[in-house]
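**Q** sequence first, then the predicted structure, then my questions.
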Amino acid sequence: MTEYDDQWLRDGLAAAVPTPPEAADRAHRATVKSRRGRQLRAAGVLGVAAAVVAGAVAWTVSSGDEPDRAADGTKDVSVTCPEPSTEAPFPSKATGKAGDGLPPGATTARLCQGQGTEIDVPLDALDTGIDELTDAVNGLDPYPAWSAESACTMDLGPGYQIVFGYPDGSTTAVTGELYGCRAVTIDGEDVRGNPEALWAQYAALLRQQRDASDPPATTPAADLTCDQIGMSPVGRAADMTEAVYCSDMPGPGVPIPAEDLAVLVEDMRTSEPAGITPACYTPGRIVGQTTWGDTVQTSALCGGDRWSMEDDLAWPVSPASKAILDRLAAEVG
């Protein structure tokens with residue numbers, strides 16, 4: 001990689017990553033999330049580097065304002081999202097050996113934006129299963145030793161940070177890139193592989209936590225359009241409370257009436273999930289917001305009798321749902 005290429009990549013990544021929230025409270029995070037969505041749609045599709053030599057950078061970050069102390073003298077854990085690094089993302093510190101790993105004892109973990117294309121960051125943090133997630137981090141295999149001859153694939157994809165909070169008020173970030181070098185870096189030094197496994201583990205644990213909890217009483221006002229980018233890695237389409245129907249063109253889309261959306265989501269919840277149909281072009285997409293404030297989507301597959309869902313599954317639509325979708329498609333033109 002030349003000095004020119006390195007600087008070009010840094011500039012591209014800096015332009016691609018949205019500004020994260022600066023405070024931990026839900027109201028502020030919701031305001032930033034809603035505002036960020038409007039800014040991104042006004043600006044158009046994210047500008048990202050066309051060729052990425054990818055890796056990961058992680059660091060320990062400050063917990064912000066001094067939190068209150070609990071009865072045992074420890075601090076109440078409050079984790080905020082740090083800004084993603086603007087350094088060129090390649091795992092130059094990889095030695096081929098595992099480092100010290102993630103320290104035990106964390107009590108919370110928050111998913112944040114990393115380098116790469118945008119993700120829809122969850123409003124809620126993970127407060128259960130933290131030991132299991134820590135074990136998953138430390139169980140990742142070491143990344144192969146990096147050398148002057150090392151190179152990565154030139155694809156694009158999302159990047160993430162998982163920020164772990166500890167009772168003493170400290171935090172440690174683990175970052176991963178689902179593109180390029182596909183590395184996971186623990187606290188800026190310990191480079192591992194398989195960011196997909198950690199990404200999936202976090203999503204599974206947060207879904208389990210939500211299944212045992214009530215959704216928040218309020219979420220940010222939905223600001224949904226067909227230009228939406230950065231979908232949630234955690235949200236489920238069957239939890240949508242507001243949605244728009246989109247064709248193959250950008251724009252505001254057609255708002256789906258509440259009574260129609262109720263039929264669609266009930267069909268999603270009760271139908272038997274099917275395998276994904278081999279890809280072919282069929283216009284039709286629903287972009288929605290869930291009870292947890294997540295932005296999610298489902299897209300028509302071949303012929304429109306099945307729609308793609310999370311976890312590489314498909315929703316086989318019922319006749320009643322198909323009639324609604326066909327009517328919405330006619331309205332959007």
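**A** Great, that's in hand. On a predicted model such as this, the values are computed, not experimentally measured, just so you know. Residues are numbered from 1 along each chain as shown.

**Q** now do Gly333: how many residues are near it, please.
**A** The number of residues packed near Gly333 is 7, by other Cβ atoms under 10 Å. (C-beta placed from N, C-alpha, C; glycine too.)

**Q** for it, what are its contacts?
**A** Ser247 (Cβ atoms under 8 Å, 6 or more residues apart in numbering).

**Q** give me the number of residues near Asp127?
**A** Asp127 has 16 nearby residues by other Cβ under 10 Å.

**Q** I'd guessed it sits against Gln209; true?
**A** Yes - contact criterion Cβ atoms under 8 Å: Asp127 and Gln209 qualify, at 6.8 Å.

**Q** for the stretch 151-300 of the chain, which segments count as helices?
**A** Shown for the stretch 151-300 of the chain, the helices assigned by DSSP state H, counting those that start in this stretch span residues 195-211, 258-270.

**Q** would you tell me what the next helix or strand after the helix or strand of the chain with the lowest mean pLDDT is?
**A** Using mean pLDDT, DSSP states H and E, the weakest-scoring helix or strand in the chain turns out to be helix 26-43, at a mean of 44. Downstream of helix 26-43, the first helix or strand assigned by DSSP states H and E is strand 108-113.

**Q** what does the helix or strand just after that next one rub up against?
**A** Sequence-wise, the next helix or strand downstream of strand 108-113 (DSSP H and E) is helix 130-138. Residues outside helix 130-138 that contact it (Cβ under 8 Å, 6+ apart): 101-102, 104, 106-109, 126, 162, 164, 174, 184, 186, 192, 197-198, 201-202, 205.

**Q** and if we set it to 6 Å?
**A** 101-102, 106, 109, 174, 201, 205 (Cβ atoms under 6 Å, 6 or more residues apart in numbering).

**Q** from these, which two are the most distant?
**A** Using Cβ to Cβ, those span at most 18.4 Å, a distance reached by Gly101 and Leu205.

**Q** who has more neighbours, these two?
**A** Just comparing Gly101 and Leu205: by other Cβ under 10 Å the higher neighbour count belongs to Leu205, 20 against 17.

**Q** so how far is Pro316 from that one?
**A** 28 Å (Cβ to Cβ, to the nearest Å).

**Q** same question for Cys112.
**A** Counting by Cβ to Cβ, the gap from Cys112 to Pro316 is 35 Å.

**Q** of those two, who's got more company?
**A** Comparing Cys112 with Pro316 by other Cβ under 10 Å, the one with more neighbours is Cys112, at 25 against 18.

**Q** pLDDT value on that one, please?
**A** On the pLDDT scale, Cys112 is placed at 96.

**Q** likewise Glu310?
**A** On pLDDT, Glu310 comes in at 87.

**Q** ok, it - contacts?
**A** Residues in contact with Glu310 (Cβ under 6 Å, 6+ apart) are Arg236.

**Q** count of residues packed around Gly288?
**A** Burial of Gly288 is recorded as 25 neighbouring residues (other Cβ under 10 Å).
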